[in-house]
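Asks: coords please:
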Amino acid sequence: MTQNDLRAPRWPGYAEVHRVTTILRRESVGGLLLVIAAVVAIVWANSPASDSYFALRDFRFGYEPWHLELSVGAWAADGLLAIFFFLVGLELKREIVVGSLRRFQTAIVPVTAAVAGVAVPALIYIAVVHTQPSLLAGWAIPTATDIAFAVAVLALVGSHLPGPLRIFLLTLAVVDDLIAIAIIAIFYTSDIALLPLGVFAALVVVYGVIAHRARAWFARTPWAAWVVLLPIGFAAWAFLHASGVHATIAGVALAFTIPVGPSRRRTNAGTDLAEQFEHRFRPISAGIAVPIFAFFAAGVAVGGGDGIVRALSDPVTIGVVAGLVLGKPLGILLGVRLLTLVTRVRLDPALRWIDLAGVGLLAGIGFTVSLLIAELSFPDGSPHTDDAKIAIMVASLLASLLASCVLLVRNRRYAQLARDEAVDADGDDVADVYQQPSSGDR
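Replies: Got it, this is the predicted structure:
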(Lines give C-alpha, C1' and ligand atoms only; values in the text may rest on other atoms or scores of the structure.)
Protein backbone atom coordinates (compact mmCIF):
# COMPACT_ATOMS: atom_id res chain seq x y z
CA MET A 1 0.00 0.00 0.00
CA THR A 2 1.31 3.46 -0.88
CA GLN A 3 1.19 6.60 1.24
CA ASN A 4 -1.47 7.99 -1.06
CA ASP A 5 -3.63 4.96 -0.38
CA LEU A 6 -3.22 5.58 3.34
CA ARG A 7 -4.42 9.15 2.88
CA ALA A 8 -7.42 8.09 0.80
CA PRO A 9 -10.80 9.16 2.25
CA ARG A 10 -12.77 6.62 4.28
CA TRP A 11 -16.48 5.97 3.91
CA PRO A 12 -18.93 3.38 5.27
CA GLY A 13 -17.90 0.06 3.84
CA TYR A 14 -14.40 1.28 2.92
CA ALA A 15 -12.72 -1.53 4.84
CA GLU A 16 -14.67 -4.19 2.96
CA VAL A 17 -14.00 -2.60 -0.44
CA HIS A 18 -10.30 -2.31 0.42
CA ARG A 19 -10.19 -5.96 1.48
CA VAL A 20 -11.82 -7.13 -1.77
CA THR A 21 -9.53 -5.04 -3.98
CA THR A 22 -6.48 -6.33 -2.12
CA ILE A 23 -7.61 -9.90 -2.77
CA LEU A 24 -8.19 -9.13 -6.46
CA ARG A 25 -4.59 -7.95 -6.82
CA ARG A 26 -3.36 -11.48 -6.12
CA GLU A 27 -2.48 -13.33 -9.32
CA SER A 28 -4.03 -16.59 -8.10
CA VAL A 29 -7.40 -14.91 -7.45
CA GLY A 30 -7.47 -13.30 -10.89
CA GLY A 31 -6.68 -16.63 -12.53
CA LEU A 32 -9.35 -18.39 -10.48
CA LEU A 33 -12.02 -15.86 -11.48
CA LEU A 34 -10.99 -16.32 -15.12
CA VAL A 35 -11.47 -20.08 -14.88
CA ILE A 36 -14.80 -19.77 -13.03
CA ALA A 37 -16.17 -17.37 -15.66
CA ALA A 38 -15.13 -19.69 -18.49
CA VAL A 39 -16.60 -22.78 -16.82
CA VAL A 40 -19.91 -21.03 -16.12
CA ALA A 41 -20.08 -19.89 -19.76
CA ILE A 42 -19.42 -23.39 -21.12
CA VAL A 43 -21.99 -24.98 -18.82
CA TRP A 44 -24.62 -22.35 -19.61
CA ALA A 45 -23.96 -22.49 -23.37
CA ASN A 46 -24.50 -26.27 -23.36
CA SER A 47 -27.46 -26.35 -20.98
CA PRO A 48 -31.20 -26.34 -21.80
CA ALA A 49 -31.07 -22.58 -21.14
CA SER A 50 -28.38 -22.02 -23.80
CA ASP A 51 -30.64 -19.75 -25.86
CA SER A 52 -30.66 -17.19 -23.04
CA TYR A 53 -26.83 -17.18 -22.94
CA PHE A 54 -26.49 -16.48 -26.66
CA ALA A 55 -29.33 -13.94 -26.54
CA LEU A 56 -27.47 -12.08 -23.79
CA ARG A 57 -24.14 -12.29 -25.62
CA ASP A 58 -25.64 -11.07 -28.92
CA PHE A 59 -27.84 -8.30 -27.48
CA ARG A 60 -26.83 -5.02 -29.13
CA PHE A 61 -26.75 -1.54 -27.65
CA GLY A 62 -24.86 1.71 -28.18
CA TYR A 63 -24.87 4.79 -30.41
CA GLU A 64 -24.86 3.72 -34.06
CA PRO A 65 -23.87 7.13 -35.59
CA TRP A 66 -20.57 6.71 -33.74
CA HIS A 67 -20.28 3.07 -34.89
CA LEU A 68 -20.76 1.99 -31.29
CA GLU A 69 -23.90 -0.13 -31.56
CA LEU A 70 -22.21 -3.37 -30.54
CA SER A 71 -23.25 -6.69 -29.06
CA VAL A 72 -22.58 -7.34 -25.38
CA GLY A 73 -19.87 -9.81 -26.42
CA ALA A 74 -18.25 -7.20 -28.67
CA TRP A 75 -18.34 -4.59 -25.90
CA ALA A 76 -16.54 -7.10 -23.67
CA ALA A 77 -13.91 -7.94 -26.31
CA ASP A 78 -13.33 -4.43 -27.66
CA GLY A 79 -14.16 -2.33 -24.62
CA LEU A 80 -13.55 -4.12 -21.34
CA LEU A 81 -10.48 -5.89 -22.66
CA ALA A 82 -8.96 -2.46 -23.38
CA ILE A 83 -8.66 -2.14 -19.57
CA PHE A 84 -6.63 -5.36 -19.51
CA PHE A 85 -4.40 -4.05 -22.31
CA PHE A 86 -4.00 -0.76 -20.42
CA LEU A 87 -2.52 -2.76 -17.52
CA VAL A 88 -0.35 -4.70 -20.00
CA GLY A 89 0.88 -1.39 -21.42
CA LEU A 90 1.79 -0.10 -17.96
CA GLU A 91 3.75 -3.29 -17.26
CA LEU A 92 5.53 -3.03 -20.61
CA LYS A 93 6.54 0.58 -20.08
CA ARG A 94 7.78 -0.07 -16.55
CA GLU A 95 9.85 -3.02 -17.74
CA ILE A 96 11.34 -0.96 -20.58
CA VAL A 97 12.07 2.14 -18.48
CA VAL A 98 13.13 0.74 -15.09
CA GLY A 99 12.73 -3.05 -15.30
CA SER A 100 14.48 -6.06 -16.75
CA LEU A 101 14.02 -4.91 -20.36
CA ARG A 102 16.13 -1.83 -19.66
CA ARG A 103 19.44 -3.72 -19.71
CA PHE A 104 20.50 -5.80 -22.67
CA GLN A 105 22.20 -8.52 -20.65
CA THR A 106 19.11 -9.24 -18.55
CA ALA A 107 16.62 -8.74 -21.38
CA ILE A 108 18.15 -10.75 -24.20
CA VAL A 109 17.43 -14.24 -22.80
CA PRO A 110 13.69 -13.82 -22.07
CA VAL A 111 13.22 -11.70 -25.20
CA THR A 112 14.79 -14.42 -27.35
CA ALA A 113 12.69 -17.03 -25.56
CA ALA A 114 9.52 -15.00 -26.19
CA VAL A 115 10.24 -14.52 -29.89
CA ALA A 116 11.01 -18.20 -30.40
CA GLY A 117 8.00 -19.08 -28.25
CA VAL A 118 5.82 -17.17 -30.69
CA ALA A 119 7.45 -18.39 -33.90
CA VAL A 120 7.51 -22.14 -33.24
CA PRO A 121 3.80 -22.50 -32.27
CA ALA A 122 2.84 -20.49 -35.37
CA LEU A 123 4.97 -22.76 -37.57
CA ILE A 124 3.47 -25.89 -35.99
CA TYR A 125 -0.05 -24.57 -36.60
CA ILE A 126 0.79 -23.75 -40.22
CA ALA A 127 2.29 -27.22 -40.72
CA VAL A 128 -0.92 -28.82 -39.44
CA VAL A 129 -3.40 -26.77 -41.50
CA HIS A 130 -1.32 -26.00 -44.61
CA THR A 131 -3.48 -28.22 -46.82
CA GLN A 132 -6.47 -25.93 -46.14
CA PRO A 133 -5.39 -22.35 -46.94
CA SER A 134 -8.59 -20.87 -45.50
CA LEU A 135 -7.48 -21.99 -42.04
CA LEU A 136 -4.11 -20.23 -42.18
CA ALA A 137 -5.74 -17.08 -40.80
CA GLY A 138 -5.59 -18.67 -37.35
CA TRP A 139 -1.79 -18.94 -37.29
CA ALA A 140 -1.48 -16.44 -34.40
CA ILE A 141 -3.96 -18.17 -32.06
CA PRO A 142 -1.38 -20.44 -30.35
CA THR A 143 1.29 -17.72 -30.07
CA ALA A 144 -0.01 -15.85 -27.01
CA THR A 145 0.61 -16.53 -23.33
CA ASP A 146 -1.95 -15.52 -20.70
CA ILE A 147 0.25 -13.73 -18.18
CA ALA A 148 -2.40 -13.61 -15.43
CA PHE A 149 -3.21 -17.31 -15.73
CA ALA A 150 0.44 -18.38 -15.98
CA VAL A 151 1.57 -16.28 -13.02
CA ALA A 152 -1.39 -17.56 -10.99
CA VAL A 153 -0.33 -21.18 -11.56
CA LEU A 154 3.28 -20.31 -10.71
CA ALA A 155 2.13 -18.62 -7.50
CA LEU A 156 0.22 -21.78 -6.50
CA VAL A 157 2.95 -24.35 -7.20
CA GLY A 158 6.23 -22.43 -6.95
CA SER A 159 6.66 -21.05 -3.44
CA HIS A 160 10.35 -22.07 -3.29
CA LEU A 161 11.38 -21.67 -6.94
CA PRO A 162 14.34 -19.33 -7.57
CA GLY A 163 13.59 -15.64 -7.93
CA PRO A 164 15.28 -15.38 -11.37
CA LEU A 165 12.86 -18.00 -12.71
CA ARG A 166 9.90 -15.82 -11.76
CA ILE A 167 11.56 -12.80 -13.36
CA PHE A 168 12.21 -14.87 -16.49
CA LEU A 169 8.53 -15.85 -16.74
CA LEU A 170 7.26 -12.32 -16.12
CA THR A 171 9.63 -10.77 -18.67
CA LEU A 172 8.87 -13.48 -21.21
CA ALA A 173 5.12 -12.99 -20.76
CA VAL A 174 5.41 -9.20 -21.04
CA VAL A 175 7.38 -9.46 -24.30
CA ASP A 176 4.93 -12.11 -25.50
CA ASP A 177 2.09 -9.63 -24.86
CA LEU A 178 3.95 -6.95 -26.81
CA ILE A 179 4.32 -9.29 -29.78
CA ALA A 180 0.63 -10.25 -29.55
CA ILE A 181 -0.32 -6.56 -29.56
CA ALA A 182 1.80 -6.00 -32.67
CA ILE A 183 0.23 -9.03 -34.36
CA ILE A 184 -3.30 -7.77 -33.66
CA ALA A 185 -2.46 -4.27 -34.89
CA ILE A 186 -0.69 -5.41 -38.08
CA PHE A 187 -2.36 -8.62 -39.18
CA TYR A 188 -5.91 -8.21 -37.89
CA THR A 189 -6.58 -4.73 -39.22
CA SER A 190 -8.02 -4.47 -42.73
CA ASP A 191 -9.48 -1.12 -43.84
CA ILE A 192 -8.19 1.91 -41.97
CA ALA A 193 -10.03 5.23 -41.82
CA LEU A 194 -7.31 7.87 -41.56
CA LEU A 195 -9.38 10.73 -40.09
CA PRO A 196 -10.55 8.83 -36.96
CA LEU A 197 -7.04 7.43 -36.61
CA GLY A 198 -5.62 10.96 -36.68
CA VAL A 199 -8.10 12.15 -34.05
CA PHE A 200 -7.15 9.13 -31.92
CA ALA A 201 -3.46 10.04 -32.15
CA ALA A 202 -4.20 13.65 -31.15
CA LEU A 203 -6.25 12.52 -28.16
CA VAL A 204 -3.44 10.21 -27.03
CA VAL A 205 -1.04 13.17 -27.12
CA VAL A 206 -3.47 15.30 -25.07
CA TYR A 207 -3.94 12.43 -22.62
CA GLY A 208 -0.17 12.06 -22.20
CA VAL A 209 0.48 15.79 -21.77
CA ILE A 210 -2.18 16.06 -19.05
CA ALA A 211 -0.89 12.90 -17.33
CA HIS A 212 2.64 14.33 -17.20
CA ARG A 213 1.77 17.89 -16.21
CA ALA A 214 -0.69 16.88 -13.48
CA ARG A 215 1.05 13.72 -12.35
CA ALA A 216 1.32 14.83 -8.71
CA TRP A 217 -2.41 15.66 -8.60
CA PHE A 218 -3.37 12.31 -10.12
CA ALA A 219 -1.04 10.54 -7.68
CA ARG A 220 -2.53 12.08 -4.54
CA THR A 221 -6.17 12.35 -5.73
CA PRO A 222 -7.64 8.95 -6.69
CA TRP A 223 -10.83 10.37 -8.28
CA ALA A 224 -8.99 12.81 -10.56
CA ALA A 225 -8.11 10.20 -13.18
CA TRP A 226 -11.75 9.13 -13.42
CA VAL A 227 -12.95 12.70 -13.98
CA VAL A 228 -10.20 13.98 -16.30
CA LEU A 229 -8.38 11.12 -17.99
CA LEU A 230 -11.19 8.57 -18.35
CA PRO A 231 -13.36 10.71 -20.70
CA ILE A 232 -10.34 11.47 -22.91
CA GLY A 233 -9.35 7.79 -22.88
CA PHE A 234 -12.86 6.69 -23.82
CA ALA A 235 -12.97 9.19 -26.69
CA ALA A 236 -9.60 7.93 -27.93
CA TRP A 237 -10.86 4.34 -27.74
CA ALA A 238 -14.03 5.25 -29.69
CA PHE A 239 -12.11 6.97 -32.49
CA LEU A 240 -9.65 4.07 -32.76
CA HIS A 241 -12.61 1.68 -32.96
CA ALA A 242 -14.08 3.80 -35.76
CA SER A 243 -10.75 3.80 -37.62
CA GLY A 244 -10.80 0.02 -38.12
CA VAL A 245 -7.81 -0.76 -35.88
CA HIS A 246 -8.74 -3.14 -33.07
CA ALA A 247 -9.81 -0.88 -30.22
CA THR A 248 -7.92 -2.75 -27.47
CA ILE A 249 -4.71 -1.23 -28.87
CA ALA A 250 -5.96 2.07 -27.42
CA GLY A 251 -5.33 0.72 -23.93
CA VAL A 252 -1.67 0.09 -24.72
CA ALA A 253 -1.17 3.44 -26.47
CA LEU A 254 -2.69 5.38 -23.56
CA ALA A 255 -0.69 3.39 -20.98
CA PHE A 256 2.55 4.23 -22.75
CA THR A 257 1.93 7.94 -22.09
CA ILE A 258 1.71 7.48 -18.29
CA PRO A 259 4.94 8.69 -16.65
CA VAL A 260 7.13 6.15 -14.92
CA GLY A 261 9.15 7.24 -11.89
CA PRO A 262 8.91 10.45 -9.85
CA SER A 263 9.08 13.85 -11.52
CA ARG A 264 12.60 15.18 -12.09
CA ARG A 265 11.39 18.73 -11.59
CA ARG A 266 9.50 17.91 -8.39
CA THR A 267 11.23 15.60 -6.00
CA ASN A 268 8.12 15.64 -3.78
CA ALA A 269 5.75 14.65 -6.58
CA GLY A 270 4.95 11.33 -4.96
CA THR A 271 5.38 7.80 -6.14
CA ASP A 272 5.52 6.43 -9.66
CA LEU A 273 2.20 7.32 -11.38
CA ALA A 274 2.31 4.20 -13.56
CA GLU A 275 2.71 2.12 -10.41
CA GLN A 276 -0.18 3.98 -8.77
CA PHE A 277 -2.47 3.41 -11.77
CA GLU A 278 -1.52 -0.25 -11.93
CA HIS A 279 -2.30 -0.62 -8.22
CA ARG A 280 -5.67 1.13 -8.57
CA PHE A 281 -6.93 -0.44 -11.78
CA ARG A 282 -5.69 -4.02 -11.48
CA PRO A 283 -8.69 -5.12 -9.36
CA ILE A 284 -11.00 -3.77 -12.09
CA SER A 285 -9.13 -5.72 -14.74
CA ALA A 286 -8.75 -8.94 -12.74
CA GLY A 287 -12.15 -8.86 -11.06
CA ILE A 288 -14.41 -7.41 -13.76
CA ALA A 289 -12.98 -6.86 -17.24
CA VAL A 290 -11.13 -10.12 -17.93
CA PRO A 291 -13.68 -12.47 -16.27
CA ILE A 292 -16.56 -10.84 -18.18
CA PHE A 293 -14.62 -11.13 -21.45
CA ALA A 294 -13.86 -14.78 -20.69
CA PHE A 295 -17.52 -15.38 -19.86
CA PHE A 296 -18.72 -14.13 -23.25
CA ALA A 297 -15.78 -15.50 -25.25
CA ALA A 298 -15.63 -19.02 -23.81
CA GLY A 299 -19.30 -19.92 -24.23
CA VAL A 300 -19.18 -22.51 -27.01
CA ALA A 301 -22.03 -24.88 -27.88
CA VAL A 302 -20.14 -28.15 -28.15
CA GLY A 303 -23.05 -30.08 -29.66
CA GLY A 304 -22.80 -33.31 -27.67
CA GLY A 305 -20.59 -36.26 -28.52
CA ASP A 306 -20.76 -35.67 -32.27
CA GLY A 307 -19.74 -32.06 -31.77
CA ILE A 308 -16.77 -33.07 -29.63
CA VAL A 309 -15.62 -35.59 -32.25
CA ARG A 310 -15.97 -32.97 -35.00
CA ALA A 311 -14.08 -30.34 -32.98
CA LEU A 312 -11.25 -32.73 -32.09
CA SER A 313 -10.84 -33.73 -35.73
CA ASP A 314 -10.73 -30.13 -36.97
CA PRO A 315 -7.17 -29.22 -38.08
CA VAL A 316 -7.62 -25.90 -36.28
CA THR A 317 -8.09 -27.72 -32.97
CA ILE A 318 -5.09 -29.97 -33.57
CA GLY A 319 -2.91 -27.05 -34.66
CA VAL A 320 -3.81 -24.85 -31.69
CA VAL A 321 -3.34 -27.61 -29.10
CA ALA A 322 -0.05 -28.72 -30.63
CA GLY A 323 1.15 -25.14 -30.93
CA LEU A 324 0.45 -24.25 -27.31
CA VAL A 325 1.32 -27.49 -25.53
CA LEU A 326 4.29 -28.54 -27.68
CA GLY A 327 5.32 -25.45 -29.60
CA LYS A 328 5.61 -23.06 -26.67
CA PRO A 329 8.06 -25.06 -24.52
CA LEU A 330 9.95 -26.27 -27.60
CA GLY A 331 10.33 -22.74 -28.95
CA ILE A 332 11.41 -21.28 -25.62
CA LEU A 333 14.01 -23.98 -24.97
CA LEU A 334 15.36 -23.92 -28.54
CA GLY A 335 15.56 -20.14 -28.56
CA VAL A 336 17.51 -19.96 -25.31
CA ARG A 337 19.74 -22.88 -26.29
CA LEU A 338 20.65 -21.35 -29.65
CA LEU A 339 21.35 -18.02 -27.98
CA THR A 340 23.77 -19.58 -25.50
CA LEU A 341 25.48 -21.56 -28.28
CA VAL A 342 26.10 -18.72 -30.74
CA THR A 343 26.75 -15.88 -28.28
CA ARG A 344 28.54 -15.33 -24.99
CA VAL A 345 25.25 -14.89 -23.18
CA ARG A 346 24.75 -17.40 -20.37
CA LEU A 347 21.82 -18.33 -18.19
CA ASP A 348 21.54 -16.98 -14.67
CA PRO A 349 23.38 -19.46 -12.42
CA ALA A 350 20.15 -20.03 -10.49
CA LEU A 351 18.29 -21.31 -13.59
CA ARG A 352 18.25 -24.95 -14.70
CA TRP A 353 17.05 -26.28 -18.03
CA ILE A 354 14.40 -28.40 -16.35
CA ASP A 355 13.11 -25.22 -14.68
CA LEU A 356 12.95 -23.48 -18.06
CA ALA A 357 11.07 -26.49 -19.44
CA GLY A 358 8.47 -26.05 -16.70
CA VAL A 359 8.12 -22.35 -17.48
CA GLY A 360 7.91 -23.21 -21.18
CA LEU A 361 4.98 -25.49 -20.48
CA LEU A 362 3.45 -22.76 -18.35
CA ALA A 363 3.72 -20.37 -21.30
CA GLY A 364 1.43 -22.74 -23.19
CA ILE A 365 -1.49 -21.33 -21.20
CA GLY A 366 -2.92 -19.10 -23.89
CA PHE A 367 -6.29 -17.93 -22.68
CA THR A 368 -7.31 -14.27 -22.79
CA VAL A 369 -5.37 -13.01 -25.82
CA SER A 370 -5.70 -16.35 -27.64
CA LEU A 371 -9.49 -16.21 -27.29
CA LEU A 372 -9.44 -12.67 -28.66
CA ILE A 373 -7.32 -13.67 -31.67
CA ALA A 374 -9.59 -16.67 -32.28
CA GLU A 375 -12.54 -14.29 -32.63
CA LEU A 376 -10.56 -12.14 -35.08
CA SER A 377 -9.22 -15.01 -37.21
CA PHE A 378 -12.33 -16.45 -38.86
CA PRO A 379 -15.57 -15.01 -40.27
CA ASP A 380 -18.55 -14.53 -37.96
CA GLY A 381 -20.44 -17.79 -37.49
CA SER A 382 -17.55 -19.98 -38.62
CA PRO A 383 -17.39 -23.32 -36.76
CA HIS A 384 -13.62 -22.95 -36.71
CA THR A 385 -13.95 -20.08 -34.22
CA ASP A 386 -15.68 -22.33 -31.70
CA ASP A 387 -13.24 -25.16 -32.41
CA ALA A 388 -10.32 -22.81 -31.79
CA LYS A 389 -11.84 -21.74 -28.47
CA ILE A 390 -12.30 -25.36 -27.41
CA ALA A 391 -8.69 -26.03 -28.40
CA ILE A 392 -7.45 -23.04 -26.37
CA MET A 393 -9.23 -24.24 -23.25
CA VAL A 394 -8.07 -27.85 -23.68
CA ALA A 395 -4.50 -26.74 -24.36
CA SER A 396 -4.49 -24.34 -21.41
CA LEU A 397 -5.68 -27.11 -19.11
CA LEU A 398 -3.05 -29.55 -20.42
CA ALA A 399 -0.30 -26.94 -20.17
CA SER A 400 -1.33 -26.10 -16.60
CA LEU A 401 -1.27 -29.75 -15.53
CA LEU A 402 2.02 -30.59 -17.24
CA ALA A 403 3.73 -27.43 -15.96
CA SER A 404 2.43 -28.06 -12.45
CA CYS A 405 3.85 -31.60 -12.48
CA VAL A 406 7.31 -30.37 -13.47
CA LEU A 407 7.37 -27.29 -11.24
CA LEU A 408 5.97 -29.08 -8.17
CA VAL A 409 8.83 -31.57 -8.35
CA ARG A 410 11.35 -28.76 -8.72
CA ASN A 411 9.67 -26.74 -5.96
CA ARG A 412 10.01 -29.69 -3.55
CA ARG A 413 13.66 -30.01 -4.51
CA TYR A 414 14.37 -26.34 -3.80
CA ALA A 415 12.40 -26.54 -0.55
CA GLN A 416 14.49 -29.54 0.51
CA LEU A 417 17.69 -27.68 -0.32
CA ALA A 418 16.52 -24.76 1.83
CA ARG A 419 15.70 -27.07 4.74
CA ASP A 420 19.01 -28.90 4.46
CA GLU A 421 20.91 -25.64 4.51
CA ALA A 422 18.89 -24.36 7.46
CA VAL A 423 20.24 -27.18 9.61
CA ASP A 424 23.70 -27.19 8.04
CA ALA A 425 26.30 -26.28 10.64
CA ASP A 426 29.06 -25.27 8.21
CA GLY A 427 27.95 -21.62 8.13
CA ASP A 428 27.39 -21.38 4.37
CA ASP A 429 24.98 -18.72 3.18
CA VAL A 430 21.44 -20.05 2.76
CA ALA A 431 20.67 -17.84 -0.20
CA ASP A 432 23.68 -19.14 -2.13
CA VAL A 433 22.53 -22.74 -1.88
CA TYR A 434 18.92 -21.81 -2.52
CA GLN A 435 19.75 -19.85 -5.63
CA GLN A 436 22.53 -22.09 -6.95
CA PRO A 437 21.97 -25.83 -6.42
CA SER A 438 24.95 -28.07 -6.88
CA SER A 439 25.65 -29.58 -10.30
CA GLY A 440 24.29 -32.88 -9.12
CA ASP A 441 20.85 -31.27 -8.66
CA ARG A 442 20.55 -30.16 -12.25
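Asks: which residues does Leu197 contact?
Replies: For Leu197, the contacting residues are Phe239, Leu240, Ser243, Gly244, Val245, by Cβ atoms under 8 Å, 6 or more residues apart in numbering. The C-beta positions use only the backbone N, C-alpha and C, and glycine is treated the same way.
Asks: Check which helix or strand it maps to.
Replies: Using DSSP states H and E, Leu197 sits in helix 194-213.
Asks: again, but for Leu417
Replies: For Leu417, the element it lies in under DSSP H and E is helix 383-422.
Asks: sorry, back to before: what mean pLDDT does the helix holding Leu197 get?
Replies: Mean pLDDT, computed over helix 194-213, is 93.
Asks: just stretch 234-243 next, same as before
Replies: Rounded mean pLDDT across stretch 234-243 is 91.
Asks: name the element Val43 belongs to?
Replies: Using DSSP H and E, Val43 falls in helix 27-45.
Asks: and what of Leu178?
Replies: For Leu178, the host element (DSSP H and E) is helix 163-187.
Asks: the inter-axis angle of that helix versus helix 383-422?
Replies: If you take axes from the mean of the first three to the mean of the last three Cα atoms, to 10 degrees, helix 163-187 sits at 160 degrees to helix 383-422.
Asks: which strands and helices sit next to helix 163-187?
Replies: helix 81-97, helix 104-129, helix 147-157, helix 249-255, helix 353-362, helix 368-377 (3 or more Cβ pairs under 8 Å, 6 or more residues apart in numbering; DSSP states H and E).
Asks: mind putting those helices in JSON lines, mean pLDDT and distance to Val336 included?
Replies: Formatted as JSON lines, the helices and strands packed on helix 163-187 follow (pLDDT from 0 to 100; distance: least, Cβ to Cβ, whole Å):
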{"stretch": "helix 81-97", "mean pLDDT": "85", "distance to Val336": "19"}
{"stretch": "helix 104-129", "mean pLDDT": "90", "distance to Val336": "5"}
{"stretch": "helix 147-157", "mean pLDDT": "76", "distance to Val336": "17"}
{"stretch": "helix 249-255", "mean pLDDT": "90", "distance to Val336": "27"}
{"stretch": "helix 353-362", "mean pLDDT": "90", "distance to Val336": "6"}
{"stretch": "helix 368-377", "mean pLDDT": "86", "distance to Val336": "22"}
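Asks: Same list, these, but as a markdown table with distance to Thr189 and mean neighbour count please.
Replies: Putting those into a markdown table (distance: least, Cβ to Cβ, whole Å; neighbours: other Cβ atoms under 10 Å) gives the following:
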| stretch | distance to Thr189 | mean neighbour count |
| --- | --- | --- |
| helix 81-97 | 15 | 23 |
| helix 104-129 | 18 | 21 |
| helix 147-157 | 23 | 23 |
| helix 249-255 | 9 | 25 |
| helix 353-362 | 30 | 24 |
| helix 368-377 | 9 | 24 |
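Asks: of all these, which lies closest to Leu324?
Replies: Checking these against Leu324 by Cβ to Cβ gives helix 104-129 as the closest, at 6.3 Å.
Asks: ok so, going back, which parts of the helix or strand just after the helix holding Val43 are buried?
Replies: Going down the chain from helix 27-45, the next helix or strand is helix 50-58, by DSSP H and E. For helix 50-58, a neighbour-count test (16 or more other Cβ atoms under 10 Å) marks Tyr53, Arg57 as buried.
Asks: Could you list every helix and strand that helix 50-58 packs against?
Replies: Counting contacts by 3+ Cβ pairs under 8 Å, 6+ apart, helix 50-58 packs against helix 27-45, helix 72-74.
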